[in-house]
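Novice: when you get a sec, could you give me coordinates for this:
(one chain, ligands or ions: 1)
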Amino acid sequence: MSKLRWALPDQGVLFVVSGPSGVGKSTLVKAAMERIPGLEFSVSATTRAPRTGEEHGVHYHFMDRERFDALVTEDAFLEYATVYDRSYGTLRDPTRRVLDSGRSILLDIDVRGARQVREHAPGAVHLFVLPPSIDILEARLRNRATDDEATIARRMEQAMEQLEGCVEYDYVIVNDDLDASHAAFQGILLAETSRRDRRQRVIDAVLGGGRTT
Ligand code: 5GP
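Specialist: Residues are numbered from 1 along each chain as shown. Sure thing, here's the model as predicted:
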């Protein structure tokens, strides 16, 4: 797989966010998308069926197994993984286009996918969302699902696999107090996009007497 040229100074930042199901990751992501200009959400490909309210091309690119496997063969994915018996993947070309345009992109992917991004896009910034405790995560999974014990146990096992991967990340947010979590999450995204080594174009424009907006 070719490397993304994302680390060049005039490119946006590739953000990865991971965390177990039920940790509140999508709430943090949604608020950040609304608040941070120039940040795009990466729409993954998946073989899972749409849930109520999910739109093709907005939440996911929904597709059958045959199409997904063809994209794997074409090497179209920056990363892909099988989670909860379904395949999910981030398409490389749309990701590259966003970064090349100078905007940043946020990938909501699992720990296995994040490992592949770490390998192929070494300058990416990785954030992990932790629950305040494992007991609280389990209670959240129980509250929101009408699933049987076996399903809950399987989800907890998968959650533990994700949680153990948190040590590989640059930032960890404990999703205890929601306001504080939003502030931390958005603060990290803003701080990373403001790093001097990513602002050369703006610096040149200001020092050259031009306008930045
Ligand atoms: P859900 O089916 O609930 O939308 O997502 C289940 C899990 O799949 C989440 O933990 C999410 O982060 C992960 N996921 C979604 N898209 C991708 C992707 O493109 N690649 C990988 N590796 N994981 C993904």
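
Novice: how much space between Phe68 and Ser181?
Specialist: As defined by C-beta to C-beta, to the nearest Å, Phe68 lies at a distance of 33 Å from Ser181. (C-beta placed from N, C-alpha, C; glycine too.)

Novice: same thing with Gln11?
Specialist: Distance of Gln11 to Ser181, computed by C-beta to C-beta: 27 Å.

Novice: cool, Pro50 as well?
Specialist: 27 Å.

Novice: more crowded one of these two?
Specialist: Set Pro50 next to Ser181 and count neighbours by other C-beta atoms under 10 Å: Ser181 wins out with 21 against 12.

Novice: who's in contact with the more buried one?
Specialist: Neighbouring residues of Ser181 by C-beta atoms under 8 Å, 6 or more residues apart in numbering: Gly24, Leu28, Val129, Ile173, Val174, Asn175.

Novice: just give the nearest non-adjacent residue to the second one, would you?
Specialist: Leaving aside its sequence neighbours, Leu28 sits nearest to Phe185 (C-beta to C-beta, 6 or more residues apart in numbering; 4.6 Å).

Novice: next structured bit after the host helix or strand of the one you found?
Specialist: Using DSSP states H and E, Phe185 falls within helix 178-193. Beyond helix 178-193 on the C-terminal side, the first helix or strand identified by DSSP H and E is helix 200-207.

Novice: I appreciate the help and will end here.
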